[in-house]
Structures are given as C-alpha cells and as structure tokens.
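Student: okay, sequence plus prediction incoming.
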Amino acid sequence: MPEGSLKSNLDLVNECDCFPYIQVSPSAYLSAVSTLYHLRCSTHAQPEVTLGYLLPSVALTLQNIPGWEVSSSDADPRTITLVHGEDEPSRSAIVAATTSAMKATGHFKVLEKWRNELYPVVSPDRTLLFSIERSASPLFGIVSHGVHMTCYTRSKQADGKDDYKIWVARRARSKQTYGGMLDNAVAGGTATGEVFFESIIRESAEEASLSPDLVRTKAKPCGTVSYFYIRDRRAGGETGLMQPEVQFLYDLELDDSVVPKPSDDEVEGFFLWSIEEVQESMRRGEWKPNCAIVMLDWLVRHGILTAENEPKYSEIVSRIHRRLEFPSL
C-alpha cells in the first residue's frame with residue numbers, strides 16, 4: 001500500500017494477521033512453513049506437537065547449546081527440540097539458561113528489551129511445559145497471551161441511540177516498540193501463573209491510574225481476539241519473527257468523573273474521541289496493529305461495524321478470531 005494512503009478495515013486485519021492461511025493459499029503457506037523450524041518438547045506426552053516456529057537464523061544458534069537437538073537441514077519438518085528436563089521447573093531452567101546465553105552474545109537485538117517477565121508455553125491440554133523470558137518469546141515463535149481493555153463513555157442522542165466516545169492512549173514516542181502510535185486504554189502481557197482478570201486490574205493501575213476497586217467492579221470480560229503477526233521494524237529488534245497471540249478482552253464503561261491518566265513512562269496521554277475520530281485515525285494507520293484489531297472487535301460487538309456498512313464483514317470477524325496452529329491457553 002502506498003505510504004500515506006488510507007487503510008480499509010481489512011487492510012488493518014492483514015497488517016496484523018499476516019501469516020499465510022493454508023485454506024487461502026496452500027502454496028504460500030507451505031512455502032513459508034518449509035523455511036521455518038518447528039519448536040517441540042520431547043519430554044511431554046505429545047512430543048510431535050509443534051509449539052512455535054523459529055527462523056533458521058535463530059534455530060541454528062541453538063544447535064550446540066545443552067538441552068536442545070536440532071534436526072538436519074533436509075529433515076521434513078525441520079525441528080528444534082527441547083530434549084532434557086523431565087518436569088516444568090527443569091525445562092524452564094534450561095530455557096532460562098539458553099535465553100540468558102543468547103542475550104549475553106548481544107547477537108539478537110530483540111533481547112536488548114529484556115523484561116524479567118516469564119510467558120507460559122503450554123501443551124494442547126493447557127499443561128504448563130515451560131516458561132520463557134518475554135522478550136525472547138518472538139525468537140521461539142510461541143503463542144503469547146495478554147489483556148486489552150477498551151474504556152469508553154456512553155450517552156443518549158436525541159433519537160435515543162447510544163453515543164459512544166472512546167478513551168484512546170498514545171504510546172510514549174520514546175518507546176522502542178511502536179513509539180508514538182495509538183493504543184487501547186489498557187493493555188499488557190500476562191505472565192506465567194497470572195490470572196487474566198488480575199492482569200487487567202494491575203495494568204489498569206500501572207498504565208491509566210484506574211483504581212483496582214473500579215476495575216474489579218465494573219470491567220466486563222468480552223471474549224478474545226487471536227491473530228498470527230510477523231514482526232516488522234516498528235516492533236523493535238529483528239524483523240520477520242513469528243508472533244502468534246491471543247488477547248483476552250475487557251470493556252469498562254466510565255462516567256465523566258473518571259479520567260484515565262498516565263502513571264508510568266509508557267503512555268504519553270489519553271484522549272476521549274468520538275467513534276468517527278477513532279475510525280479516521282485507524283484509516284490513517286496510526287494504531288499499533290494488534291490494538292487496531294481489538295478496536296475492530298469492539299466496533300463489531302457494539303453494532304457499529306456491521307455487514308450493512310462493511311463489505312468484508314465476515315472475513316474481518318473470522319480473521320480476528322484466528323484458530324492458531326499452536327497450543328494456547
């Protein structure tokens with residue numbers, strides 16, 4: 001798409017859910033998968049299950065690290081397998097030692113944003129297999145999980161219809177990832193062992209100065225979005241890394257007395273925008289890609305984006321609820 005041109009809603013979906021679909025283009029899907037390594041774990045009940053995709057440039061750095069086995073280059077599929085560790089703590093320890101060694105080399109720029117947060121990697125029955133440092137998760141292509149919350153106000157128009165306004169956050173321009181782009185009012189990753197609702201309560205206080213009592217009382221869970229993102233330069237670090245994600249969504253209707261305020265250096269400010277202003281900023285491509293997906297879901301759920309006003313409605317709805325090829329929570 002030419003720089004500066006307006007984006008359709010489907011363009012926004014394509015930007016975030018950009019890994020090929022085998023149903024749509026088998027040749028593109030098989031071409032992409034054939035270049036990747038499959039992450040596996042030999043010490044659980046289903047060792048043939050793929051947990052994520054790694055670029056060859058990542059997989060081959062693991063071939064001489066204890067605990068890992070890399071298949072030959074002509075294997076089908078090519079695999080990188082965690083072969084040691086009979087339980088979750090021992091597997092997590094191997095992964096922690098591996099990612100720390102990778103960071104120490106300074107080779108992977110994505111690890112410069114080391115978070116000291118652990119993400120879960122699970123089996124198909126949602127058993128925790130191991131945990132991995134958050135900043136290393138895209139190197140291993142595993143499914144990451146997070147929470148996003150849309151905060152909004154609602155009033156009645158003269159015709160009795162709801163008039164919504166959305167609280168929009170602008171990310172700090174100094175952030176290494178998607179600096180200066182628009183964001184949902186509250187969003188963040190969910191660590192190993194953390195309950196999703198507790199995660200949104202914590203993030204609400206940290207990012208938007210919303211009281212835990214308010215969020216605990218009024219925030220409403222409203223489903224998930226899922227997509228398969230391939231990182232570009234705006235994400236920081238290496239491009240082309242695989243990032244499948246599931247985001248657990250919440251809505252919070254606020255009255256005029258509650259104004260979100262930044263409480264850390266991650267958010268530059270909050271703005272209360274009309275639906276038209278939000279949609280126009282999305283068309284201009286100002287939103288962080290996955291946050292635009294969350295916003296599209298909100299517009300669908302509130303009857304603003306419909307089959308009558310969006311010709312690609314069914315494709316958009318199905319694409320923002322992608323069935324991922326890897327285990328997730």
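Tutor: Perfect, thanks for sending it. Residues are numbered from 1 along each chain as shown.

Student: T99 and N290, how far apart?
Tutor: As judged by Cβ to Cβ, to the nearest Å, T99 and N290 stand 23 Å apart. (Glycine included, C-beta is placed from N, CA and C.)

Student: quick one: which of these two has more around it?
Tutor: Set T99 next to N290 and count neighbours by other Cβ atoms under 10 Å: N290 wins out with 24 against 20.

Student: for the more buried one, helix, strand, or coil?
Tutor: The three-state label for N290, taken from DSSP: H, G, I helix; E, B strand; the rest coil, comes out as helix.

Student: ok, now which ones touch it?
Tutor: With contacts defined as Cβ atoms under 8 Å, 6 or more residues apart in numbering, N290 is in contact with C16, H148, V225, Y227, Y229, E245, Q247.

Student: could you do D17 as well?
Tutor: Y227, F228, Y229, I293, R319, I320, R322.

Student: without its sequence neighbours, what residue ends up closest to it?
Tutor: Setting aside the residues directly before and after it, D17 is nearest to Y227 in space (Cβ to Cβ, 6 or more residues apart in numbering), at 3.8 Å.

Student: helix, strand or coil for R115?
Tutor: Under the three-state scheme (three-state DSSP), R115 adopts coil.

Student: quick check: it touching R134?
Tutor: Yes: with contact defined as Cβ atoms under 8 Å, R115 counts as touching R134 (4.2 Å).

Student: the more surrounded of the two?
Tutor: Counted by other Cβ under 10 Å, R115 and R134 do not tie: R134 has more neighbours, with 18 against 14.

Student: thought the more buried one was touching T192?
Tutor: No: taking contact to mean Cβ under 8 Å, the distance of 9.9 Å between R134 and T192 leaves them out of contact.

Student: so which residue is dead centre in the chain?
Tutor: Nearest to the mean C-alpha position of the chain, counting by Cα atoms, centre = their mean, stands E245 at 4.1 Å.

Student: a helix runs through that one, doesn't it?
Tutor: No: if the criterion is three-state DSSP, then E245 is strand and not within a helix.

Student: ok, what's across the strand from it?
Tutor: S144, Y227 (DSSP bridges).

Student: shared neighbours of R134 and T192, which are they?
Tutor: Taking Cβ under 8 Å, 6+ apart as the contact criterion, the residues that touch both R134 and T192 are L118, Y119.

Student: having no further points to raise, I will conclude here.
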